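*Asks:* Make a model of this:
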Amino acid sequence: MKPLALTCAALLIASPVFAQSSTAPSNDGTMKSDTQTTSPGTNSTATPNTANPAKPGQGASVVSTKDFVTKAAQSDMFEVQSSQLVSRSNIKDGATKRFAQHMIEDHTKTTKELKQLLQPASAEAAAPKSMSKQQQQMLKKLKGLKGDALAAEYRKEQVAAHEKAVDLFRAYSNTGDNEALKKWAGDTLPALEEHLKMAQGLAK
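*Replies:* Below you'll find the predicted structure:
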């Protein structure tokens, strides 16, 4: 019986030590397990949503096929029509007029490409027939200007329009659900980024 008694006594003495190793009082007096050694945000069981981080200018948002087709087509319309207006004007800024002609050619090309991609019956959206109301207002404003004022406003609008286009095409190339349109968005993106750089250079 003595060995058994000694064993029980040893277990009773050791049990507080084990209890202390598994829990420890926190600063507020509550008990806290020592297995929770990671700080919030590290090795958490919850998976952070990092697939589409929202960063300005990075096109991180998810764009539906319908919205992409609508905005891409309307962007082309504004680019072509506003650039035609400047190209036919009597402004003296040769660089701006050359840029406008370049925009007419490139965006006429992408308009045709988009229409071809929308031909299959499986296409989720049809191209719109007119620009957005905001784009119509911008075009109307350009039509009311002449000379240097027209050139300056056109350059400013080109920077803003291409910033939106770059974000749109980048977003859809990353998150689009129509594979043909997604590939086209990715293939077209470098040209739009180059357009933006050119527009920013003119606007300086």
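*Asks:* Tell me which other helices or strands the biggest helix by length in the chain touches.
*Replies:* Across the chain, the longest stretch assigned as helix under DSSP state H is helix 147-175. Where contact means 3 or more Cβ pairs under 8 Å, 6 or more residues apart in numbering; DSSP states H and E, helix 147-175 is packed against helix 65-87, helix 94-117, helix 133-143, helix 179-203. For every residue, glycine as well, the C-beta is placed using N, CA and C.
*Asks:* which one of those is the most hemmed in?
*Replies:* helix 65-87 (a mean of 20; mean count of other Cβ atoms under 10 Å).
*Asks:* what bits of the chain have low per-residue confidence?
*Replies:* Within the chain, the segments meeting pLDDT under 70 span 1-60, 121-124.
*Asks:* quick one on the thing from earlier: could the helices and strands packed on helix 147-175 go into a markdown table alongside distance to Ala152?
*Replies:* Output for those, formatted as a markdown table (distance: least, Cβ to Cβ, whole Å):
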| stretch | distance to Ala152 |
| --- | --- |
| helix 65-87 | 11 |
| helix 94-117 | 9 |
| helix 133-143 | 11 |
| helix 179-203 | 8 |
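*Asks:* Indicate which one of these is closest to Ser173.
*Replies:* helix 179-203 (3.7 Å; Cβ to Cβ).
*Asks:* Tell me who's in contact with the residue nearest to Gln84 when sequence neighbours are not counted.
*Replies:* Among residues not flanking Gln84 along the chain, Ile104 sits closest, at 6.0 Å (Cβ to Cβ, 6 or more residues apart in numbering). Residues near Ile104 by Cβ atoms under 8 Å, 6 or more residues apart in numbering: Glu79, Val80, Ser83, Gln84, Ser87.
*Asks:* Take those and lay them out in TSV including distance to Met138.
*Replies:* As requested, these are exported to TSV (distance: Cβ to Cβ, whole Å):
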residue	distance to Met138
Glu79	11
Val80	14
Ser83	13
Gln84	14
Ser87	17
